[in-house]
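> what follows is a predicted structure for the sequence shown.
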Amino acid sequence: MLCFIFIHPSIHLQGSNYKPPTMVMANPSLLLQSFFFFFLLPCLSWSCPEYQKQALLQFKSSILAIHFSFHTLDSWNSSSSNCCLWDKVTCSSPSNLNSTSTPSVVIGLNLSYLSAPLMPSNLLAPLFFIRSLRVLDLSWNFIIGQIPALGFGNLSNLVHLDLSWNCIEGQISAFGFGNLSNLVHLDLIGYLQDLRMLNLSSNYLSGELPEEIGNLTKLQQLSLSSNKFLNGIPSSILHLRELEELDLGKNSLSMEIPSDIGNLSNLSYLSLGKNKLTGGVPASMQKLNKLNSLYLEGNLLTGEIPFWLFDFKDLQYLYLGGNNLTWNNNMKVVPKCRLLGLSLRSCGLQGDIPEWISTQTNLYFLDLSMNQLHGPFPQWLAEFQTLLVLILSHNKLSGSFTTALLRSSQFLSILALSHNNFSGELPKNIGDAWPLSVLLLDGNNFSGPIPQSISQISSLELLDLSRNRLSGNIFPVFDRQLFLSYVDFSSNQFSGEVPTTFPPNIKTLALGSNKFSGALPLNLKKLRNLERLELQDNNISGELPNSLPQISHLRVLNLRNNSLQGSIPKTLSNLQNLRILDLSSNNLTGEIPIEFVNNLTGMIEALPNPTSQTPDFPAAASISSSPVFRTEFAVNELIVNWKKSKQGLSSHYIDMYFLLDLSNNQLSSEIPASLGALKALKMLNLSFNKLFGKIPASLGDLQNVEGLDLSHNKLSGPIPFAFTKLQQLTTLDVSNNKLTCRIPIGGQMNTMADPNFYANNSGLCGFQIRVPCPEDLPPTPKLQEHYNKK
């Protein structure tokens, strides 16, 4: 049998524009000659060695053992004699074309994006038998654990190793790769003198950056971003004189930026953002004449922003925001650069928006938030046609919403004008801003209705109009196909029935602190993907509808301070994902149903947040996928009664909180013992009801509870001794009941010593309220005389 395969004999390394072997397209005569030449070559010369085939099959089998539905490597099967023909496998050509004794060998495996849910690092073991490997790409998988360094040491021919974007742990110094002497491109670990590119980004590596990193003197690109590295930047990094790109961002690095970092004269890209670096911007940076991108945002840097930064002719991205740097408002800036991205967030800018920015007409990204800017929105800024992101939040800007911005910008995707003094009505043609995905206008003085055209912004994902003076009872009808996932209309003057004219994909709907009235609409259930529903501080009446549990994804339900009546429906227990339930300050009656607590599995066990890696819009707006978009928005906090006062819970970490608040109602029953099963609860508030009977000892099983309020009820009997097991307890209020006996001693109960939290329980005693119990008192004289006679 003969082969009909033509393989180009050369291979280039990715470190120098790597290209995998491909079919060569030449002129017909040459191609025909090549075809006949290879036509006569026996197939045996192109088959991979049997041991390499078996190693690959064992690797696939190891994955199938834990993920039986894995289909990415279906072409890898024992019935195929030649693994060189399998997907994701690259083989070499024979070293001697006139001989059949030297077979092809596997030299490349492109195993990125395997789509296996989890892959322990020990599953890589079979691959270490393929010692001919030159290219191994395992990036963007779910590899967990530490790197088996000894295994990689067998792959002495490796040129390209990519293990980035996994879940790999450990310290750099823990890995030994001394045998990888040929490595030119490494995407996770290695101390190799010939390295040109080292990328360890986006893993879970920790510890200090070793001084030995300075031995990699041929490095041109070094990325250690998005890990957990600590302490200072090693001074040895200054030995990397050929370095063109240095990215140490998103770690926990501290201390000052090396003062002589300007000696790295070839640097064009420098990212040290989102660490804990201190000190000022080193003066030696003036020598970085090739600098194109400088990211220092989100540190603890101090001092005045040096104006020589604007003298770099090639500079395109300058991000200094989120430090303690200060801007000299008296200095005149004449930039020599043409910036594409600029962040001066929280840099002490005062007065009008600086005029020199008007020369930067190519800007894609502009963040001037958290300064002291005032005055109207400048006309020249409204005419910037290239803007994708404009953030002016937390200033003192005033005037009306400029319609020129809607007309001129054809690409504006993010517009944040929150917490200023803008006023007037929103423009009726706001729907012309069709590219917008994020629109933040909260915390201003806008008035009037919401323009109907806002529903025509087809790309809109996050809309925040809260904390204004908007009014009306007619709302835009959003198309069902929109990707709108976050809407906040809270703290306005809207009235009428609760609107439900939102697309079914919406995840967060915040309508609190308005003037909505009437019953909860039954068609709320069509918003099936809702995770957070906030309707607190309105005048909603009627009973809780039995259809509410059909919104099965709900994690947060806040109906505090309305006029709801009737009993708590037993079907509410079907909301198994619920983590925060606030029904306080209504007119609810009846009992706390046993069914109500038995099925609330979201409060029984603290499950990991499924979106903790990349929070979506209900938790935060994160725009950081390109150099232009390097910002995050934390949306409004959830306000709850937390430990006797109103507090805001960070929306970014909302899944860390578990709360049940039924206070200020007319509930009249015993406290169900099954409440003790809600072990994830951090706050339980049943105060100001008509609850009676004994406090169930099972409440001592609430191992995570920090605040427990049972005050202003009709509870009797002792405080359960099981409360001494509540190790997280910081606030306990049982005042205004009919409790008796000694207050338990031990654990956190010894710190619950505020007498006000036990007040108006005439039968209580104990050191916490400085009232001795009868058994602690010495005998009276007559009683003592009686004992003496006996």
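Arrived safely.

> how close does I671 sit to G602?
Between I671 and G602 the distance, using C-beta to C-beta, to the nearest Å, works out to 20 Å. (Glycine included, C-beta is placed from N, CA and C.)

> between those two, tell me which one has more neighbours.
For I671 and G602, the more surrounded residue by other C-beta atoms under 10 Å is I671, and the numbers stand at 24 against 21.

> pretty sure the more buried one sits against I695.
Yes: in terms of C-beta atoms under 8 Å, I671 counts as a neighbour of I695; the distance is 6.6 Å.

> run a quick neighbour tally on the residue nearest to L638 when sequence neighbours are not counted.
Nearest-residue entry for L638: L649, 4.5 Å, with adjacent residues in sequence omitted and distances by C-beta to C-beta, 6 or more residues apart in numbering. The number of residues packed near L649 is 17, by other C-beta under 10 Å.

> and G279, by the same measure?
Residues near G279, counting by other C-beta under 10 Å: 14.

> show me the contacts for it.
Each residue near G279 by C-beta atoms under 8 Å, 6 or more residues apart in numbering is listed here: M255, E256, I257, L301, T302, G303.

> which ones among those residues map onto strands?
Mapping those onto strands (DSSP state E) picks out T302, G303.

> hmm, back to that, now do the shared contacts for I671 and I695.
Residues touching both I671 and I695 by C-beta under 8 Å, 6+ apart: L710, L715.

> and the lengthiest helix in the chain, what's buried?
For the chain, the helix that runs over the most residues, judged by DSSP state H, is helix 50-66. Of the residues in helix 50-66, those with enough neighbours to count as buried (16 or more other C-beta atoms under 10 Å) are Q52, K53, A55, L56, L57, F59, K60, S62, I63.

> wouldn't the second one be in contact with S79 here?
No: counting by C-beta under 8 Å, K53 stays clear of S79, with 11.3 Å between them.

> tell me who's in contact with the residue nearest to V135 when sequence neighbours are not counted.
Ranked by C-beta to C-beta, 6+ apart and with sequence neighbours excluded, the top spatial neighbour of V135 is G108, at 3.9 Å. By C-beta under 8 Å, 6+ apart, the residues touching G108 are P20, V89, T90, C91, L133, R134, V135, L136.

> give me the phi and psi angles of the residue nearest to L638.
When read as degrees, to the nearest 10, the backbone of L649 gives phi -100, psi 130.

> hey, what's the closest residue to N737 other than its chain neighbours bridged with?
Here the nearest residue to N737 in space, its sequence neighbours aside, is L715; by C-beta to C-beta, 6+ apart that works out to 4.2 Å. For L715, the beta-bridge assignment (DSSP bridges) gives partners G693.

> which residues does L715 contact?
I671, L691, F692, G693, K694, I695, V734, N737, K738, L739.

> could I get those residues in JSON lines, plus columns for pLDDT and distance to H374?
Converted to JSON lines, those look like this (pLDDT from 0 to 100; distance: C-beta to C-beta, whole Å):
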{"residue": "I671", "pLDDT": "95", "distance to H374": "55"}
{"residue": "L691", "pLDDT": "97", "distance to H374": "54"}
{"residue": "F692", "pLDDT": "96", "distance to H374": "59"}
{"residue": "G693", "pLDDT": "96", "distance to H374": "60"}
{"residue": "K694", "pLDDT": "96", "distance to H374": "61"}
{"residue": "I695", "pLDDT": "96", "distance to H374": "56"}
{"residue": "V734", "pLDDT": "96", "distance to H374": "52"}
{"residue": "N737", "pLDDT": "96", "distance to H374": "54"}
{"residue": "K738", "pLDDT": "96", "distance to H374": "59"}
{"residue": "L739", "pLDDT": "96", "distance to H374": "57"}
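
> still on that earlier bit, beta-bridge partners for the residue nearest to V135, please?
Residues found in beta-bridge contact with G108 (criterion: DSSP bridges) are T90, V135.

> so for it, what's the pLDDT?
What the model reports for G108 is a pLDDT of 92.

> distance of it relative to H160?
8 Å.

> so what sits against both of these two?
With contacts taken as C-beta under 8 Å, 6+ apart, G108 and H160 have R134, V135, L136 as neighbours in common.

> least confident pick among these?
Comparing pLDDT over these singles out R134 as the least confident position, at 82.

> my read: that residue touches I107, true?
Yes: counting by C-beta under 8 Å, R134 does reach I107; the two are 4.6 Å apart.

> now K646: which helix or strand?
When secondary structure is defined using DSSP states H and E, the element that contains K646 is strand 645-649.

> next SSE downstream of that strand?
Following strand 645-649 in sequence order, the next helix or strand is strand 659-661 (DSSP H and E).

> that next one: what's the following helix or strand?
Following strand 659-661 in sequence order, the next helix or strand is strand 666-667 (DSSP H and E).

> now do the contacts for T751.
Taking C-beta under 8 Å, 6+ apart, one finds T730 in contact with T751.

> and the pLDDT at it?
On the pLDDT scale, T751 is placed at 94.

> what does P103 give?
We note a pLDDT of 76 for P103 in this prediction.

> just L783 next, same as before
50.

> returning to that earlier point: from the chain's centre, how far out does the strand holding K646 sit?
22 Å (C-alpha atoms, centre = their mean, to the nearest Å).

> please apply the same query to stretch 389-399.
25 Å.

> also stretch 571-584?
Chain-centre distance of stretch 571-584: 24 Å, with C-alpha atoms, centre = their mean.

> stretch 269-280 too?
Worked out by C-alpha atoms, centre = their mean, stretch 269-280 lies 21 Å from the chain centre.

> CA atoms of that stretch as PDB?
The C-alpha coordinates for stretch 269-280 follow below in PDB (Å, rounded to 0.1, in the frame of the first residue of the first chain):
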ATOM      1  CA  TYR A 269       5.000  47.600  27.100                       C
ATOM      2  CA  LEU A 270       5.200  47.900  30.900                       C
ATOM      3  CA  SER A 271       2.300  46.700  33.100                       C
ATOM      4  CA  LEU A 272       2.500  46.900  36.900                       C
ATOM      5  CA  GLY A 273      -1.100  47.700  37.600                       C
ATOM      6  CA  LYS A 274      -3.400  46.200  40.300                       C
ATOM      7  CA  ASN A 275      -0.700  45.500  42.800                       C
ATOM      8  CA  LYS A 276       0.300  47.200  46.100                       C
ATOM      9  CA  LEU A 277       3.300  49.100  44.800                       C
ATOM     10  CA  THR A 278       4.300  52.200  46.700                       C
ATOM     11  CA  GLY A 279       6.500  55.200  46.200                       C
ATOM     12  CA  GLY A 280       6.500  57.400  43.100                       C
END
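
> buried residues, it. List them.
In stretch 269-280, counting by 16+ other C-beta under 10 Å, buried: Y269, L270, S271, L272, G273, K274, N275, L277, T278, G280.
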